[in-house]
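Student: based on what follows, work out the 3D shape:
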Amino acid sequence: MSKLIESAEKFVFDLFKNELDASFLYHNYTHTERVLRSVREIIKNTDISKKDAEVLELTALLHDTGYIKTREGHEEESVKIATAFLKDNDADKKTIEAVNSCIMDTKFKDSPKTHLGKVIRDADASHFGKKYFLEASEFLRKELELQGIASYTPNEWLDENIKVLAEKHEFYTDYALKNWQPRKEKNLSKLIKTKKKRRSKLKTEELKAKYKAQYKNESPERGIQTFYRVALRNHIKLSDIADTKANILLSVNAIIISLVLANLISKLDTNPYLVYPTAIFTLSCVISMVLSIIATRPNVTSGEFTKEDVANKDVNLTFFGNFHKMSLAEYDWAVKELLKDKDYVYSSLTKDLYFLGKVLERKYRILRITYTIFMIGMIVSVLSFGIALKTNGAKLEDVLPDENDSTLINSIYEITGSDNETYKVV
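Tutor: From the prediction side, this is the model:
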């Protein structure tokens, strides 16, 4: 390597380091090094004189120095910078003229006029025939975007690259045609395949959007879906509340009857005036328990249907009571038939909602009667006990059990279920 080449490398490196704008992601020292390597690759495999080789290497180093001044017409600025540098380093006139001529031959729009011009042009565009083509291309796209020159979408840039490789660019030297052209064709093939994939993906997305819009138009409005969802959820919650209320009444009345049987019945033989109040008290509790059981008692239907029922839309497949005796295959067939008909689906949901409402009405009506009987029974029983005690002149201590009455203690223990929990029984 000549001293002039070494000086040129240092000069260009320092020039780009200190004066080149950071937005040049492609036209920077990395690109210059790539062009220099490509030039040396051609020189090594081509019959080129040492003098011409030196001119080509100097051109590779200096051809983009004009970017520190301007983008448009940077070749002319590169010529000025190259001329000044070469004169400062005592280069002869022929070398300076040859380097400047080669720099002007790097204009992409014009065809190279000399053999050396063809070599430098191929080296400058060697990335078209290299594996790092896509990486270098992306850096160029980003550079154009950062500098506000052009903004390409990925698809637009893909089309631009295909156009350049297929129509605008060509290699001139024999070495480039033999060694870089095959790789360029592979890169072009990849770009074309990528474009086809993107087109196919775009078509798929368009079809999806089309069918989605179609099915959306055919499906019910969101408000209808929300109506069924909220209504059914509320009905189920209300049914749970009713069952809970019935269970409370059952538990309370069971405890009361247990206490009456354990403590009050045994005293009726010595206190006959308490028979009627006790009977009223017990009867109201029993009636409340019976009604609570009736309110929560399940009612299971036949659980069978026929194909005619499905065809006539007479069966509600959303309720287990209508299909629990059918086989899986029969139920699966019936559901598929149901889903084919949108009106049948909504008819089934409506029936389910309606009959849930009917069941709820029955539960709450019975529960209301139950709570009313329980309330009235408690009031009448207390009044009856008060009247009976007052009429017969008995004292309350004569009726209530002693403090050491083991029967009452055992009853309380059974109610609490633990020595650690305490309930007051009045």
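Student: longest helix of this structure?
Tutor: helix 342-392 (DSSP state H).
Student: which helices and strands sit right next to that one?
Tutor: helix 222-259, helix 275-296, helix 328-340 (3 or more C-beta pairs under 8 Å, 6 or more residues apart in numbering; DSSP states H and E). All C-beta spots, glycine's among them, are computed from the backbone N, C-alpha and C.
Student: average pLDDT across the first one?
Tutor: In this case it means helix 222-259. Mean per-residue pLDDT for helix 222-259: 85.
Student: model confidence for Ser266, exactly?
Tutor: Confidence score, pLDDT, at Ser266: 70.
Student: do the one 10 residues further on as well
Tutor: On pLDDT, Tyr276 comes in at 84.
Student: now swap in the one 5 residues further on and tell me
Tutor: Note for Phe281: predicted pLDDT of 84.
Student: just give the nearest non-adjacent residue to it, would you?
Tutor: What sits nearest to Phe281 in space, not counting adjacent residues and going by C-beta to C-beta, 6 or more residues apart in numbering, is Ser381, at 3.7 Å.
Student: touching, the one you found and Pro277? I think so.
Tutor: Yes: the criterion here is C-beta atoms under 8 Å, and Ser381 meets it with Pro277 at 6.0 Å.
Student: residue ranges with poor pLDDT in the stretch 101-250 of the chain?
Tutor: Within the stretch 101-250 of the chain, the stretches with pLDDT under 70 are 211-221.
Student: give me phi/psi at Thr194?
Tutor: When read as degrees, to the nearest 10, the backbone of Thr194 gives phi -60, psi -40.
Student: isn't it up against Leu158?
Tutor: Yes: here Thr194 reaches Leu158: they are 6.3 Å apart, a contact under C-beta under 8 Å.
Student: gap between the residue nearest to Gln181 when sequence neighbours are not counted and Ser38?
Tutor: Closest residue in space to Gln181, ignoring its immediate chain neighbours: Phe171 at 5.6 Å, by C-beta to C-beta, 6+ apart. Separation of Phe171 from Ser38 (C-beta to C-beta, to the nearest Å): 11 Å.
Student: which SS class is Asn299?
Tutor: coil (DSSP: H, G, I helix; E, B strand; the rest coil).
Student: and for Asp110, the neighbour number?
Tutor: Residues within reach of Asp110, counting by other C-beta atoms under 10 Å, total 12.
Student: for Glu77, which non-adjacent residue is closest in space?
Tutor: Take Glu77 and drop its neighbours on the chain: the residue closest to it by C-beta to C-beta, 6+ apart is Gly66, 3.1 Å away.
Student: need the contact list for the one you found.
Tutor: Taking C-beta atoms under 8 Å, 6 or more residues apart in numbering, we find Gly66 in contact with 73-81.
Student: try 10 Å this time
Tutor: 27, 73-82, 103 (C-beta atoms under 10 Å, 6 or more residues apart in numbering).
Student: and if you look at Ile248?
Tutor: Ile248 is in contact with 292, 371, counting by C-beta under 10 Å, 6+ apart.
Student: and it, how far from Leu367?
Tutor: Using C-beta to C-beta, Ile248 is found at 10 Å from Leu367.
Student: common neighbours of the two, please.
Tutor: Residues touching both Ile248 and Leu367 by C-beta under 10 Å, 6+ apart: Ser292.
Student: still on that earlier bit, so the longest helix of the chain versus helix 222-259, what angle?
Tutor: 30 degrees (axes from the mean of the first three to the mean of the last three C-alpha atoms, to 10 degrees).
Student: tell me the angle helix 342-392 makes with helix 275-296.
Tutor: With the same axes, to 10 degrees defining the directions, helix 342-392 sits at 170 degrees from helix 275-296.
Student: relative to the whole chain's centre, how far out is helix 342-392?
Tutor: For helix 342-392, the gap between its own C-alpha mean and the chain's C-alpha mean amounts to 47 Å (C-alpha atoms, centre = their mean, to the nearest Å).
Student: what's the angle between it and helix 328-340?
Tutor: 110 degrees.
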